[in-house]
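K.L.:
return atomic coordinates for the entry below.
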Amino acid sequence: MGVVMGVRFRILGGVEVQIDGVVVDVGHPRQRAVLGVMVVEANHLVTVDQLLDRVWGGQAPARGRETVYNYVSRLRAALRTAGEEVRLHRRSGGYLLAVDDQAVDVHRFSALVTQGRGAHDDQQAVELFEQALRLWRGEPMSELDTPWATGLRAALDGERLAAELDHVDAALRCGRHAELLPSLSARARQHPLDERVAGQVMLALYRCGRQADALQHYEALRRRLADELGADPGPDTQYLFKQILTAEPGLTQPRARPLVSVEDPAPAVRLDRATDALATAAKQQWTAEAEIRSLHRPAPARVRWSTTGRPVAGEREAPRGDILDMATTFRGLATRQMVVLGEPGAGKTVLAILLTLGLLADRGPGDPTPVLLSLSSWNPHREHLHSWLARRILEDYPGLGNAKAYGRDAATRLVGEDRVIPVLDGLDEMTPGVHAAAIDAIDQAIAGGRPLVVTCRAAEYENAVRHGDILAAAVVKIEPVELDDAVTFLTAGRLPGDTRWQPVVEHLRHHRDGPLAQALSTPLMVDLARTTYRDVASDPGALIDPQRFRDRAAIEDHLLGAFLPAVYARRPQPPGLPPSTVRSYGPDQAQRWLMFLACHLRNLRTRDSAWWHLVHAIPRHVRGLVFGLPPAALFAIVGLLARGPAAAWVYGLSTAAGGFAAQAWGTRSAPSRVEFRFRGTAVAFLGRAVIGVAISVVIGLLWSLSIGPVVILAMAFGLGTGLHVWLKTPTKADYASSPATTYAQDRVATLAFALSVATSIGLFYAFAISVSQPHSNLGPAADPFHLNRALPAGGVSALFGWLSFRYVGAASYALAGFVIGGLAMAHHISLGLGLAAGAIFGLAVGLTAALSRCWGTYQLSRAWLALRGQTPLRLNRFLQDAHRRGVLRLAGAHYQFRHTRLHDHLADRRPHRR
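P.N.:
Take a look at the predicted model:
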């Protein structure tokens, strides 16, 4: 879609639309707010539920969906004059505003800032930053005062401040210190503890000939930091102070050792950027997850907590409180270390999410960033807590691996320098038998008062500390949901005249200690009950049947079993929605697939569903055959073309044996988190390409190829080796990894790897069997098997096998390459037939390469399991849909079942295959 010159959507101020310079009337403030939400999410689906939550903030009108539908109809009419370049589409469950990103001020702002930070010329950078900052007209989305709008404004204000500071750095390098000084002084008064702002003021003052004022500004900063934070200025600020104090001659030159350089900022500044980017990503990640889980619509069942009476507490200063006030309570602790205990379904994960968002909401400059991680993948016997934290942070926020932007080992430094607050959920979900060791390891890692939050089931924690140390932390327990709070949640939002819950409410008030009241004492069961009986045709009165439900366990088992049929129940299609856009899964079908997934995770002894682990759902011997035979069949065809039936059997059997061993027992690498980037890679690309050209020349000489084929091989090998220079760590860290992003990034890496080896090796094979000289430097080609030809082929194959499957792959493919290499050059064939054989050989090698990577393996795995009816063919789409329905939850690049009890319930119900 080209840039829409006549249309502008503006939210950096009030919501406004301009068409050909004329402001279009898009209605009253609430209607403009609906448009503003879709503008923020331009070219992405916004569900009706998201619109209701973001625009009305949990106080949607009684007929909210119809109201949204009417607003959108009016907006569509108002935008009709924009023509075909702007479309407001109806999609399954929501709406999508299709428009060029550059026509939206908030997206244009981000693009200009990114370009400014990547500019090599300071003057160009200044102009780009100024273009970006001119887009701001006032408070973003000023029509709205909802939690979502507040969070959006906070995030955008942070991005604006970062852009302003980067603009100042570039302008200072251009010698504009006198011009900048008044605005810098004003900003320093607004952010008196921001060392980066202070450094810019000091530098501008010094370059204006005011050395004494610059030193005085540093002294004021030092005193303020000592009084309010008990800290000294950072090393970069101290270094600048020493330069000013000694009047270093180069400091007066705008380009002589700038305080902060876009190209090479100081390490501490880069780490500050990493911390801020991590905070932005975490806030977006968990705000979105809170919306998916409807934690604010309706408000979650009220949950309280108090200090535990169990003998497991190392600190007892934590008072009683409400789950929504946990962030305030945590900040008030003498030592910010807390253990949260609760029964199954008590709301520990929800508390962890709300605590994380609460800490992020009022995070100040220099504050550590809370990072919520699931503990289920940590083994304290194999990995130190800090190493695991750094690894998981880098996995969930891969942009932190960008050394140019954030410095080397940014994730490790964030952990080591206390720039993060680990919020570790699910100590009880770790491998059985390691709980005590985990507590001991955590206790050692947080020595010195490092902040930490851990959640765990009460019984598991008490048993663990009985066999190990007690954490020197405040220990609180989540109390059961009070009956009145449960009733309020169950009956919230019901339509006038809906009395279905009345018998249940009366029963609960007269049987406060009965089985139903006991079952509804946890947020999980309260939410399951609301979901199970949300359909107006359902009858929650069945829950009070004493013959059917004799105890708490029976009621809980019923609610767990009724959850999936309720969320996958077919409902009438909204008006105006084409039938083809509806993604519908039958309850029985969805339950069968989810039960398979639950059992698959149980077999792997994990709660984390990673798409790249789907291959482990296929037995080893089946995996070896399914993944090893397709490439072997292609190799057999090559042997038939090159030498005849005998060679076909040799090619096919040798590669089948090698592929079977590698696919069944080889070690695959984790998904590659990369993206294509061309800017600034020319020198590195040429260096890698030269290596590829050198390899091709050596091969051409060994096989006595003529100059033409050598030139073609040089181009292919050069491009193939240089191609990987373009695969870089994502440039931005302000987004969290997800199954979708990880899948897309590994797809890029897989296809690049497969294409490079297929093209280069396929061309080489074609020339080797068709145009190499009868007597090459490796010996006469007429021999039926020549050792001198087999050895280099085996070596290259071993290297390929090592890169793909480590030790097993190196050994198995070395043997296959040795056999094929010895036979490949037995006699010459025509160039045309050689090119055909080379194309198939390259396809076989490329397929083998693709099936050695996570993305390629996943494609064949899901197809195989779909044929057996164990998963849907479009598994990713099904899992995304299950997440939207609240069946699954997101934890970085992994899916998890919304609760371990649901996971266990499904795994227990799946019949075992004989």
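K.L.:
what strand or helix carries the residue nearest to Ala171 when sequence neighbours are not counted?
P.N.:
Closest residue to Ala171 apart from its sequence neighbours, by Cβ to Cβ, 6 or more residues apart in numbering: Val126 at 5.2 Å. Where you see a C-beta, it was placed from the backbone N, CA and C, and this is true even at glycine. Val126 belongs to helix 122-134 when elements are defined using DSSP states H and E.
K.L.:
just for the stretch 101-250 of the chain, where's the confidence low?
P.N.:
Scanning the stretch 101-250 of the chain with the threshold set as pLDDT under 70 gives 229-231, 249-250.
K.L.:
and the helices in it, which stretches?
P.N.:
Along the stretch 101-250 of the chain, the segments classed as helices by DSSP state H, counting those that start in this stretch run 105-118, 122-134, 147-173, 177-190, 195-207, 211-229, 235-245.
K.L.:
nearest to Arg862, out of those helices?
P.N.:
The closest approach between Arg862 and any of those, judged by Cβ to Cβ, belongs to helix 105-118 at 33.5 Å.
K.L.:
name the residues that touch the closest one?
P.N.:
Helix 105-118 has contacts (Cβ atoms under 8 Å, 6 or more residues apart in numbering) with 8-12, 39-40, 42, 101-102, 124-126, 128-129, 131-132, 135-136, 140, 156, 159, 162-163, 166-167, 170, 262, 679, 731-732.
K.L.:
filter those to the buried ones?
P.N.:
The neighbour-count criterion (16 or more other Cβ atoms under 10 Å) marks 8-12, 39-40, 42, 102, 125-126, 128-129, 132, 135-136, 140, 156, 159, 162-163, 166-167, 170, 262, 732 among the contacts of helix 105-118 as buried.
K.L.:
count of neighbours near the residue nearest to Gln50 when sequence neighbours are not counted?
P.N.:
Closest residue to Gln50 apart from its sequence neighbours, by Cβ to Cβ, 6+ apart: Glu291 at 6.1 Å. The tally of other residues near Glu291 (other Cβ atoms under 10 Å) stands at 18.
K.L.:
following the helix or strand hosting Glu291, which helix or strand comes up?
P.N.:
Using DSSP H and E, Glu291 falls within helix 267-292. Per DSSP H and E, the first helix or strand lying C-terminal to helix 267-292 is strand 304-307.
K.L.:
direction included, what does that following strand pair against?
P.N.:
When pairs are called by DSSP bridges, strand 304-307 turns out to pair with strand 321-322 (antiparallel), strand 474-478 (antiparallel).
K.L.:
to Thr499, which of those strands lies closest?
P.N.:
Evaluated with Cβ to Cβ, those place strand 321-322 nearest to Thr499, the distance being 30.3 Å.
K.L.:
and the next helix or strand after the closest one, what's buried?
P.N.:
Next helix or strand after strand 321-322 toward the C-terminus (DSSP H and E): helix 326-331. Across helix 326-331, burial judged by 16+ other Cβ under 10 Å covers 326-327, 329-330.
K.L.:
next: stretch 865-873.
P.N.:
865, 870-872.
K.L.:
gap between the two ends of it?
P.N.:
End-to-end distance for stretch 865-873: 8 Å, by Cα to Cα, to the nearest Å.
K.L.:
show me the contacts for the closest residue to Val819 other than its chain neighbours.
P.N.:
Leaving aside its sequence neighbours, Val819 sits nearest to Ser654 (Cβ to Cβ, 6+ apart; 4.4 Å). Going by Cβ under 8 Å, 6+ apart, Ser654 touches 635, 815-816, 819-820.
K.L.:
middle-most residue in the chain, spatially?
P.N.:
Computing the C-alpha centroid of the chain and ranking residues by Cα atoms, centre = their mean puts Ser737 first, at 1.0 Å.
K.L.:
hang on, that residue packs against Asp396?
P.N.:
Yes. Taking Cβ atoms under 8 Å as the definition, Ser737 is a contact partner of Asp396 at 5.0 Å.
K.L.:
ok, the residue nearest to Val819 to Ala814 distance?
P.N.:
Distance, Ser654 to Ala814, by Cβ to Cβ, to the nearest Å: 11 Å.
K.L.:
between those two, what contacts are shared?
P.N.:
When contacts are counted by Cβ under 8 Å, 6+ apart, Ser654 and Ala814 have no shared neighbour.
K.L.:
tell me the contacts of the closest residue to Asp409 other than its chain neighbours?
P.N.:
Nearest residue to Asp409 in three dimensions, chain neighbours excluded: Ala390, at 7.8 Å (Cβ to Cβ, 6+ apart). Going by Cβ under 8 Å, 6+ apart, Ala390 touches 409, 411-412, 414-416.
K.L.:
just the angle between the strand or helix carrying Ala390 and helix 267-292, please?
P.N.:
Element membership for Ala390, per DSSP H and E: helix 385-396. Using axes from the mean of the first three to the mean of the last three Cα atoms, to 10 degrees, the inter-axis angle of helix 385-396 relative to helix 267-292 is 70 degrees.
K.L.:
same question for helix 385-396, mean pLDDT?
P.N.:
Averaging pLDDT along helix 385-396 gives 89.
K.L.:
so for it, what gets flagged as buried?
P.N.:
Neighbour-count burial for helix 385-396 [16+ other Cβ under 10 Å]: 385, 388-396.
K.L.:
can you pull the pLDDT of the closest residue in space to Phe878 that isn't next to it in sequence?
P.N.:
Take Phe878 and drop its neighbours on the chain: the residue closest to it by Cβ to Cβ, 6+ apart is Pro872, 4.6 Å away. Here, the pLDDT recorded for Pro872 equals 95.
K.L.:
next up, phi/psi of the spatially closest residue to Ile478 that is not a sequence neighbour, please.
P.N.:
Once flanking residues are discounted, Ile478 sits nearest to Gly342: 3.7 Å by Cβ to Cβ, 6+ apart. Backbone torsions for Gly342, taken as degrees, to the nearest 10, come to phi -170, psi 160.
K.L.:
residues in contact with Val615?
P.N.:
Contacts of Val615 by Cβ under 8 Å, 6+ apart are 623, 668, 857-858, 861.
K.L.:
typed the wrong thing, it's Ile691
P.N.:
Neighbour list for Ile691: Thr721 [criterion: Cβ under 8 Å, 6+ apart].
K.L.:
please, which helix or strand holds it?
P.N.:
Under the criterion of DSSP H and E, Ile691 resides in helix 682-702.
K.L.:
next one: that helix to chain centre, how far?
P.N.:
Offset of helix 682-702 from its chain centre (Cα atoms, centre = their mean, to the nearest Å): 36 Å.
K.L.:
among the contacts of Val615, name the ones in helices.
P.N.:
Of the contacts of Val615, the ones assigned to helices by DSSP state H are 623, 857-858, 861.
K.L.:
need the buried residues of helix 326-331 in JSON lines with pLDDT and distance to Gln745, can you?
P.N.:
Converted to JSON lines, those look like this (pLDDT from 0 to 100; distance: Cβ to Cβ, whole Å):
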{"residue": "Met326", "pLDDT": "80", "distance to Gln745": "34"}
{"residue": "Ala327", "pLDDT": "81", "distance to Gln745": "33"}
{"residue": "Thr329", "pLDDT": "82", "distance to Gln745": "39"}
{"residue": "Phe330", "pLDDT": "85", "distance to Gln745": "34"}
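K.L.:
let me see the mean pLDDT of stretch 880-896.
P.N.:
Stretch 880-896 shows an average pLDDT of 89 in the prediction.
K.L.:
just stretch 706-725 next, same as before
P.N.:
Averaging pLDDT along stretch 706-725 yields 75.
K.L.:
any weak-confidence spans in the stretch 351-500 of the chain?
P.N.:
Judged against pLDDT under 70, the low-scoring parts of the stretch 351-500 of the chain cover residues 447-448, 467-470.
K.L.:
all the strands of it, residue numbers only.
P.N.:
Ranges of strands in the stretch 351-500 of the chain, per DSSP state E, counting those that start in this stretch, are 369-374, 420-425, 452-457, 474-478.
K.L.:
perfect, I'm done here.
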